[in-house]
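Asks: Test case, fold it:
(4 chains)
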Number of protein chains: 4
Amino acid sequence: MKKYLVEFIGTFFLVLTIGMTVIDPGAGNLAPLAIGAALMIMVYAGGHVSGGHYNPAVTIAVWLRGRCGTSDVPFYLIAQVLGASAAALLALQFKGCPTLTAGHPNVGHALIAEFVGTFALCYVVLNVATAKATAGNSNYGLAIGFTVTTMAFALGGISGGAFNPAVAVGITVMGLAAKANLWLYLVGNFAAAIVAALTFKFINPEDK
Amino acid sequence: MKKYLVEFIGTFFLVLTIGMTVIDPGAGNLAPLAIGAALMIMVYAGGHVSGGHYNPAVTIAVWLRGRCGTSDVPFYLIAQVLGASAAALLALQFKGCPTLTAGHPNVGHALIAEFVGTFALCYVVLNVATAKATAGNSNYGLAIGFTVTTMAFALGGISGGAFNPAVAVGITVMGLAAKANLWLYLVGNFAAAIVAALTFKFINPEDK
Amino acid sequence: MKKYLVEFIGTFFLVLTIGMTVIDPGAGNLAPLAIGAALMIMVYAGGHVSGGHYNPAVTIAVWLRGRCGTSDVPFYLIAQVLGASAAALLALQFKGCPTLTAGHPNVGHALIAEFVGTFALCYVVLNVATAKATAGNSNYGLAIGFTVTTMAFALGGISGGAFNPAVAVGITVMGLAAKANLWLYLVGNFAAAIVAALTFKFINPEDK
Amino acid sequence: MKKYLVEFIGTFFLVLTIGMTVIDPGAGNLAPLAIGAALMIMVYAGGHVSGGHYNPAVTIAVWLRGRCGTSDVPFYLIAQVLGASAAALLALQFKGCPTLTAGHPNVGHALIAEFVGTFALCYVVLNVATAKATAGNSNYGLAIGFTVTTMAFALGGISGGAFNPAVAVGITVMGLAAKANLWLYLVGNFAAAIVAALTFKFINPEDK
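Replies: Predicted coordinates:
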């Protein structure tokens, strides 16, 4: 139960920061910095309890790598989606609906961008937070948070930059992404989680 | 005595940075970065002496968690408020009174924003700086400082973004917040400290 | 093989971030932050497998310092150039060719700037990631990534700010640098790698 | 000799970054970030050899605290001033003289600002890099570098934001500060170093 609460809290603050810094008047071109920092602080705060995923794609990648119990997976995903939804509703309460309607991204580009960005995120998480060779480091949150910052700067303009199915739900609730495009995030993000887990196993062959 | 001096110094630099980067001409949209960095450096510099609170709400949360002596609490709070006031006066000396008069925030929204932001701060502090499971890490200051950065980006527009009763006093002295709204910060911040301490105990049940 | 894959992935994300944040509409004056962060996250993710070079000049410097096998060097360089080229093609696919044609830098200034910036990068890498006296630290990625951020802010306007022959190939493929100037990066970067390795040996005489 | 070379290199890159990001066209309001990052990376790269001062005021503070040999002090100061001067000349070569002539700061305000900012820097350095209670941490460079970032955001508009006599020489050579004001930096910075060393001894009484 405490693990699910931690996942709820972390995803709540991640999506709240997204809503408050992206919906006008937000943090302008500094939004990716605020969003990555939100993830970083919650990874540092909750990692010792739940692993600090706050992202269904990360949960799947960590589960495939063997560091998340199978019975925990559905509850992690539920807690993450609930946290994202609660945050989206609070952001709407604070700011009203965004006047900017959700754009129509190029679907092929958006799918690739979500795959590429989520691959980077899951690849970094697995290597800095679950590899034996990097155990005990103090940089895991910095690396994970700034992966979202980097990918949001690089790919946010192509796909909206979710890299996280719970975030995709949150930005859909807030009207920052179109309902019709939700599948795109789910497919791109979960596919990337699987490829990242396989890549991790290939480059860390002795690390079971 | 040395602990109170450290709390005075840290809160002084936190509030000085707030005044100098928020009163025009300040650091513009980079102010949350400078303010979070001010907290980060003072947490790293003074944490080994006083715990590096620089915030009455954090002191209450750490006391409830059992990591701050009861006899220290009033002196910590006095040192923090004195440091904040001294910094506010120096900032006024450097810059003159702000031409922008304090806004009239939506009281309900501001209360929620102060509660939410201070909860994040106390939750992060307790988990990265007082939990046995994260002892010895080098990231506590980074996590704590960037919590203020993140919450200031996300919620600064709603409530002014104090998340700290001593900061609330400081911004009131500087004319960045209205005297009539001081209660709002005190209520929101201390309530959040209590809830964060309870949350910490729930998610770290073996950590006494 | 796994080491070369890690070098490919890291250089891919570094150059992808460069292309996506520099080609209009990019990340504006925040591009150096995003680019340094891309390097930082990949150093933290892949350092335990390949050393996390993502830069032929760094590979040469680390080889001269005695921390990269001679037989690995050509494959590292091939993987880095392939990763950079793949990323450049993807960025062009996402954004189209940059409308801004490559500038004509002052050749003498650009050579010095590339030498100076690459010296800083190799000097930092050798000291934070290969010196016995700093072994086990958690800050190596932060220091290495922010060296690129700093040097890009300082010298990007003089030379384009590659500090990395693989990046030079990438920005040439993307049309951000002129083909006729590629030699300039190769000469400046590799010369700096040699001088940095000699400097490292001079200041760490007992560290073989 | 190797220690002096490290001090020369670090101060060179610090002042080069100042010149290149402050003289137009520079890094705009991001200059304090680039400058603090320059200090951070050089502290991480050279700390294990020379202590990574790059600042005569820091050298004096560390000497008063008993962590710098008396015979080293003059050579540290010479190396720092030479590094700053070499960087200033290179920046002028790259950019030409600044078109903005040095301002006429309010002398009283500037003295206080230099004292306050340098006190913060020396106080942070002594506590994160020389205190027994924080030995072995990985955050010393982050804390030290971001102290300069924070103080430059807060106080740069009052005094120019040197907090470092070698930097004061460098910005005077580059024409960013008036020759007639050089004394102001020397007095403010060295006075702060002394007060910071005394403060350190008071709050760390058992740490000899």
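
Asks: hey, let's count contacts and neighbours off CA atoms from now on
Replies: Fine.

Asks: The residue minimising distance to the centre of chain A and chain D, how far apart?
Replies: Averaging the C-alpha coordinates of chain A gives a centre point, and the residue nearest to it by Cα atoms, centre = their mean is A:Asn164 (3.7 Å). Plainly put, A:Asn164 is 29 Å away from chain D if you go by Cα to the nearest Cα, to the nearest Å.

Asks: And that residue, how close does it get to chain C?
Replies: 18 Å.

Asks: tell me the pLDDT at that residue?
Replies: Each residue has a pLDDT score; the one for A:Asn164 is 98.

Asks: and what of A:Leu100?
Replies: Listed pLDDT for A:Leu100 reads 65.

Asks: List the contacts of A:Gly47.
Replies: When the contact criterion is Cα atoms under 8 Å, 6 or more residues apart in numbering or on different chains, the partners of A:Gly47 are A:His53.

Asks: which element is it on?
Replies: Counting by DSSP states H and E, the element that carries A:Gly47 is helix A:31-50.

Asks: State the mean pLDDT of that helix.
Replies: Model confidence over helix A:31-50 averages 98 on the pLDDT scale.

Asks: relative to helix C:31-50, how tilted is that helix?
Replies: An angle of 30 degrees separates the directions of helix A:31-50 and helix C:31-50 when computed by axes from the mean of the first three to the mean of the last three Cα atoms, to 10 degrees.

Asks: Helix A:31-50: what's the following helix or strand?
Replies: Downstream of helix A:31-50, the next assigned helix or strand under DSSP H and E is helix A:56-64.

Asks: is chain C contacted by that following helix?
Replies: No - no part of helix A:56-64 sits near chain C under the criterion Cα under 8 Å from any Cα of the partner chain; the closest distance found is 14.8 Å.

Asks: Sort out which residues of that helix are buried, please.
Replies: For helix A:56-64, a neighbour-count test (16 or more other Cα atoms under 10 Å in any protein chain shown) marks A:Pro56, A:Ala57, A:Val58, A:Thr59, A:Ile60, A:Ala61, A:Val62, A:Trp63, A:Leu64 as buried.

Asks: Equivalent analysis for stretch A:164-184, please.
Replies: Neighbour-count burial for stretch A:164-184, with 16+ other Cα under 10 Å as criterion, is recorded at A:164-178, A:181, A:184.

Asks: looking at it, A:Leu155 is touching C:Met20, isn't it?
Replies: Yes - using Cα atoms under 8 Å, A:Leu155 and C:Met20 qualify as a contacting pair, with a distance of 7.0 Å.

Asks: mind listing the helices in chain A by residue range?
Replies: Assignment of helices within chain A using DSSP state H yields the ranges A:2-22, A:31-50, A:56-64, A:73-95, A:107-129, A:140-159, A:165-173, A:182-203.

Asks: Same list, those, but as a markdown table with distance to D:Glu114 please.
Replies: Rendered in a markdown table, the data for those read as follows (distance: least, Cα to Cα, whole Å):
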| stretch | distance to D:Glu114 |
| --- | --- |
| helix A:2-22 | 34 |
| helix A:31-50 | 30 |
| helix A:56-64 | 47 |
| helix A:73-95 | 41 |
| helix A:107-129 | 40 |
| helix A:140-159 | 32 |
| helix A:165-173 | 45 |
| helix A:182-203 | 50 |
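
Asks: if we compare those, which one ends up closest to B:Ala87?
Replies: Among the helices of chain A, helix A:31-50 comes nearest to B:Ala87, with 26.4 Å by Cα to Cα.

Asks: what angle do that closest one and helix A:2-22 make?
Replies: With the same axes, to 10 degrees as the criterion, the two stretches helix A:31-50 and helix A:2-22 enclose an angle of 170 degrees.

Asks: between helix A:31-50 and helix B:182-203, how many degrees?
Replies: Using the same axes, to 10 degrees, the interaxial angle of helix A:31-50 with respect to helix B:182-203 works out to 40 degrees.

Asks: Just the C-alphas of helix A:31-50, formatted as PDB.
Replies: Written as PDB, here are the backbone C-alpha positions of helix A:31-50 (Å, rounded to 0.1, in the frame of the first residue of the first chain):
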ATOM      1  CA  ALA A  31       8.900  24.200 -18.700                       C
ATOM      2  CA  PRO A  32      11.100  21.200 -19.600                       C
ATOM      3  CA  LEU A  33      13.500  22.100 -16.800                       C
ATOM      4  CA  ALA A  34      10.700  22.400 -14.300                       C
ATOM      5  CA  ILE A  35       9.100  19.100 -15.400                       C
ATOM      6  CA  GLY A  36      12.400  17.200 -15.300                       C
ATOM      7  CA  ALA A  37      13.100  18.600 -11.900                       C
ATOM      8  CA  ALA A  38       9.700  17.500 -10.700                       C
ATOM      9  CA  LEU A  39      10.600  13.900 -11.700                       C
ATOM     10  CA  MET A  40      14.100  14.200 -10.200                       C
ATOM     11  CA  ILE A  41      12.800  15.300  -6.700                       C
ATOM     12  CA  MET A  42      10.200  12.600  -6.600                       C
ATOM     13  CA  VAL A  43      12.700   9.900  -7.600                       C
ATOM     14  CA  TYR A  44      15.000  11.000  -4.800                       C
ATOM     15  CA  ALA A  45      12.100  11.200  -2.300                       C
ATOM     16  CA  GLY A  46      10.300   7.900  -3.100                       C
ATOM     17  CA  GLY A  47      12.900   5.700  -4.700                       C
ATOM     18  CA  HIS A  48      13.700   3.800  -1.500                       C
ATOM     19  CA  VAL A  49      10.000   2.900  -1.000                       C
ATOM     20  CA  SER A  50       8.600   2.100  -4.500                       C
END
